[in-house]
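Novice: Return atomic coordinates for the entry below.
(chains A and B)
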Amino acid sequence: MKTILQLRADFLRGTDTPTAAYEAATKIITEQDGDIHAFLDIYVDAEQTASQATDTIKRDGSASQILTGIPIAIKNNILIKGRTATAGSLMLEHYTATYDATVVARLKSAGAVIIGSTNMDEFAMGSSTENSAFGPTKNPVDTTRVPGGSSGGSAAAVAMGAVPAALGTDTGGSIRQPASFCGLVGFKPTYGAVSRYGLMAMGSSFDQAGPLTHTVADAEIIHQVIAGVDPLDSTTIAADTYAAVPTKETYTFGVPRHFLAEGVDDDVMAVFEAHLASLIADGHKVIDIELPLFEKGLAAYYISVPAEVSSNLARYDGMRYGLSAAGETLLEVYQKTRGAGFGPEVKRRILLGTYVLSAGYYDAYYGKAEHMRDLMRVELATVFAAVDSIVLPTAPTPAFTFGAHTDPVSLYKQDIFTVPVNLTGVPALSVPGGTVQREQKALPVGVQYIAPHGGDARLFDIGKKVFDNKLI
Amino acid sequence: MPNMNKADIIHLSTLARMEITAAEVPALLEDISAVVAYISTITEVVGDSTRVTTHESVNNVFRSDVVTIPSGTYTKDLLAEAPMTERDFLVVKKILDTD
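Specialist: Residues are numbered from 1 along each chain as shown, chains lettered A, B, ... in the order given. Sure, this is the predicted structure:
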């Protein structure tokens, strides 16, 4: 599968066209998606957009927009006007988006050909895409395993070669963990770098949209197209909101060794150690750091996120859009609609959020969790005074098999290395680090780089140095 | 930490305006109890100290108080998604009993 940059070069050279790229994408989908189930919807009329893009390239050449004719897939919790936006839920099975999310509008203006929407854990709650109301997605690397989640459909769409890039959303690792499981690059921007207008809110103070791609350079292209201040999202930030985070020739990386002492598979750790050794060989410095609060961070995540979930998902009440169940009274319509429309994980988090926000418990849970987030930001600032970036495995294991995690706490612990990033709002990039063997299959595992707030460009620079430049 | 029981789960579902079946209760009770036990570990770290919001990243965002979209622009599209409408209104069950 070609990358965005390769497609762009071939388009300009005339050795490939957007129409041919679109046809190649649909061929792969026809051949593989019956089994993989990365897509919830394929837009057949995208062929016309591709055909117009072919004309645009012929006419404008290198003056055309950067993504002209590039096929892209979009996670189904991001609104595309006139298309079904289900968020993987029965609640929105027949809901048609009435406007474009800002990220979609920006991709369209940059010339992208949006070819379909991708499967996901219901309302982005999950780490395996097993929670989709429309059935799970398989990992193209090993179809007995999950692709990760919640952006599992987007990861599988890129990994199977249908598209060079897909958009996901990341509330606690939902871009980076599927990237790790499927051998891709995944990027979670600084909170506020990318508009959330038109993203279905899960945890409003956590959510960010970002790319899943084959290379860091491609992730950077997509990010640059979708990022920037948006008057429709007052939490978007200007380029100068945070102190400048410069790029460097060589970097000092911090490794929180105590955090990795247990819970990480031995061979995942070996891949990580080899990656660290290559950093040193390339002239970078690697030092040990302490991040004691990061270990306890997961608890704060499973307070603040359910709290925001229970508030955000109150809007699905059967009145204005989506599923509406019959009932005798208004209260009954609410209860029956929500009872029928939400799946088990969503119900669990709504009830948990309702609990932590209940009178008498607010201070004990939500107040403490928000306090913890402040303390974690302070802890991070101290660490970033000494290092340029923090390096961690993206996930403690490679892709697991379907049904491997039945109790919620064990599944939640899958996210231990990714959630501190969302709790504090810093950017993080997952790049493929190597593979581990499971049942005669080589499964990819990712390495995650974390930078200070506003350090998105530094992460792309690091990613290109440690990953892109080493590709043959 | 209070131990939760089935009645607590049913009470939470009422607060959340979300019907759950009797068959769903045991699994929800088990899962939510486990998660509550887990998240309670936060007290060990944060203790009784109170939150001080000092991070510089929080600031007010204002916009001009002007109409940017003419009234009615999206009415038709939005109402097309509604389960029940009458003219330009959503139809809902009455909430006040006037009998």
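
Novice: What are the contacting residues of the one helix or strand residue A:212 maps to?
Specialist: Assessed by DSSP states H and E, residue A:212 sits inside strand A:208-213. For strand A:208-213, contacts defined as CB atoms under 8 Å, 6 or more residues apart in numbering or on different chains pick out A:3-4, A:75, A:78, A:101, A:103, A:151, A:154-155, A:158, A:164-170, A:175, A:178-179, A:182, A:184-191, A:193-194, A:196, A:199, A:218-219, A:222-223, A:226, A:422. Using the backbone N, CA and C atoms, a C-beta is placed for each residue, glycine as well.

Novice: And stretch A:43-58, by the same measure?
Specialist: Contacts for stretch A:43-58 (CB under 8 Å, 6+ apart): A:11-12, A:17-19, A:21-22, A:64, A:68-69, A:71, A:83, A:111, A:113-116.

Novice: can you check stretch A:463-472 too?
Specialist: By CB under 8 Å, 6+ apart, stretch A:463-472 touches A:185, A:215-217, A:219-220, A:275, A:278-279, A:282, A:429, A:431-432, A:447, A:449.

Novice: can you do 7 Å?
Specialist: Stretch A:463-472 is contacted from outside by A:185, A:215, A:216, A:217, A:279, A:429, A:431, A:432, A:449, using CB atoms under 7 Å, 6 or more residues apart in numbering or on different chains.

Novice: Which residue is it, in chain B, that comes closest to chain A?
Specialist: residue B:19 (3.0 Å; CB to the nearest CB).

Novice: which stretches of chain B have low pLDDT?
Specialist: Low-confidence segments of chain B, defined by pLDDT under 70, span residues B:1-2, B:48-57, B:98-99.

Novice: Please, where are all the helices along it?
Specialist: B:6-15, B:25-39, B:42-46, B:75-80 (DSSP state H).

Novice: Residue 42: what's it in contact with?
Specialist: You didn't say which chain, so I picked chain A. So residue A:42 contacts A:29, A:115, A:116 (CB under 7 Å, 6+ apart).

Novice: wrong chain, I was asking about chain B
Specialist: A:296, A:299, A:300, A:303, A:368, A:369, A:372.

Novice: Can you tell me, leaving aside adjacent residues, what's nearest to it?
Specialist: residue A:299 (4.5 Å; CB to CB, 6 or more residues apart in numbering or on different chains).

Novice: doesn't residue B:37 make contact with that neighbour?
Specialist: No. Here residue A:299 lies out of contact with residue B:37, judged by CB atoms under 7 Å, at a distance of 10.3 Å.

Novice: Stretch A:109-127 spans what distance, first to last residue?
Specialist: 32 Å (CA to CA, to the nearest Å).

Novice: I'd like to know the average pLDDT value across it.
Specialist: On average, the pLDDT along stretch A:109-127 is 97.

Novice: ditto for stretch A:212-226
Specialist: For stretch A:212-226, the mean confidence score works out to 98.

Novice: Could you do stretch A:376-389 as well?
Specialist: Here the average pLDDT along stretch A:376-389 is 96.

Novice: before we move on, back to that, just the ones of the contacts of residue A:42 in helices?
Specialist: Counting by DSSP H, the contacts of residue A:42 contribute residue A:29 to helices.

Novice: can you map out the helices along the stretch 301-450 of chain A?
Specialist: A:330-341, A:344-356, A:368-384, A:408-412, A:419-424 (DSSP state H, counting those that start in this stretch).

Novice: Going by mean pLDDT, which of those comes out lowest?
Specialist: Among those, helix A:408-412 carries the lowest mean pLDDT, a mean of 75.

Novice: Tell me which residues touch the residue nearest to residue A:170 when sequence neighbours are not counted, please.
Specialist: Spatially, and ignoring its direct neighbours in sequence, residue A:170 is nearest to residue A:188 (4.1 Å; CB to CB, 6+ apart). Counting by CB under 7 Å, 6+ apart, residue A:188 touches A:170, A:175, A:176, A:208, A:210, A:421, A:427, A:428.

Novice: Looking at the residues you listed, which is nearest chain B?
Specialist: Lowest distance from chain B to the contacts of residue A:188 (CB to the nearest CB) belongs to residue A:427, with 13.4 Å.

Novice: thinking that closest one is in contact with residue A:460, fair?
Specialist: No. Contact criterion CB under 7 Å: residue A:427 and residue A:460 do not qualify, at 9.6 Å.

Novice: Spell out which parts of the stretch 251-400 of chain A neighbour chain B.
Specialist: Residues of the stretch 251-400 of chain A that fall close to chain B, judged by CB under 7 Å from any CB of the partner chain: A:293, A:296, A:299-300, A:302-303, A:310, A:318-321, A:324, A:329-330, A:333-336, A:338-339, A:342, A:347-348, A:350-352, A:354-355, A:365, A:367-372, A:374, A:377.

Novice: are any of those buried, and which?
Specialist: A:293, A:296, A:299-300, A:302-303, A:310, A:318-321, A:324, A:330, A:333-336, A:338-339, A:342, A:347-348, A:350-352, A:354-355, A:365, A:367-372, A:374, A:377 (16 or more other CB atoms under 10 Å in any protein chain shown).

Novice: show me the residues around residue A:172 that make contact.
Specialist: A:206, A:301, A:305, A:415, A:418, A:419, A:422.

Novice: residue nearest the centroid of the chain?
Specialist: You didn't say which chain, so I picked chain A. What sits nearest the mean C-alpha location of chain A, by CA atoms, centre = their mean, is residue A:175, with 2.0 Å.

Novice: Hmm, no, I was thinking of chain B.
Specialist: Taking CA atoms, centre = their mean, chain B has its central residue at residue B:16, 7.0 Å away.

Novice: Just list the residues touching that residue, thanks.
Specialist: Contacts of residue B:16 by CB under 7 Å, 6+ apart are A:310, A:350, A:351, A:354.

Novice: Give the helix, strand or coil label for residue A:72.
Specialist: strand (DSSP: H, G, I helix; E, B strand; the rest coil).

Novice: With the one 10 residues further on instead?
Specialist: Secondary structure, three-state DSSP: residue A:82 is coil.

Novice: Which residue is the nearest non-sequential neighbour of residue A:241?
Specialist: In space, residue A:241 is closest to residue A:454, 6.5 Å off (CB to CB, 6+ apart).

Novice: For stretch A:288-308, could you pull out the residues that count as buried?
Specialist: A:289, A:291, A:293-308.

Novice: Smallest gap between chain A and chain B, at which residue?
Specialist: For chain A, CB to the nearest CB, closest residue to chain B: residue A:339, 3.0 Å.

Novice: what residues does chain B put near chain A?
Specialist: Checking chain B against chain A by CB under 7 Å from any CB, the hits are B:9, B:12-13, B:15-20, B:28, B:31-32, B:34-36, B:38-39, B:41-43, B:45-46, B:51, B:53, B:55, B:57, B:61, B:63, B:74, B:77-78, B:81-83, B:90, B:92-93, B:95.

Novice: what about burial for these, which qualify?
Specialist: Counted by 16+ other CB under 10 Å, the residues of chain B next to chain A give B:9, B:12-13, B:16-20, B:28, B:31-32, B:35-36, B:38-39, B:42, B:45-46, B:51, B:78, B:81-83, B:92 as buried.

Novice: which pair in the contacts of residue A:172 spans the largest distance?
Specialist: A:305 and A:418 (12.4 Å; CB to CB).

Novice: just to revisit the earlier point, I figured the residue of chain B closest to chain A was touching residue A:339, is that so?
Specialist: Yes. With contact defined as CB under 7 Å, residue B:19 counts as touching residue A:339 (3.0 Å).

Novice: who's in contact with the spatially closest residue to residue A:126 that is not a sequence neighbour?
Specialist: Nearest residue to residue A:126 in three dimensions, chain neighbours excluded: residue A:149, at 4.6 Å (CB to CB, 6+ apart). Residues near residue A:149 by CB under 7 Å, 6+ apart: A:120, A:121, A:126, A:127, A:128, A:129, A:174, A:178.
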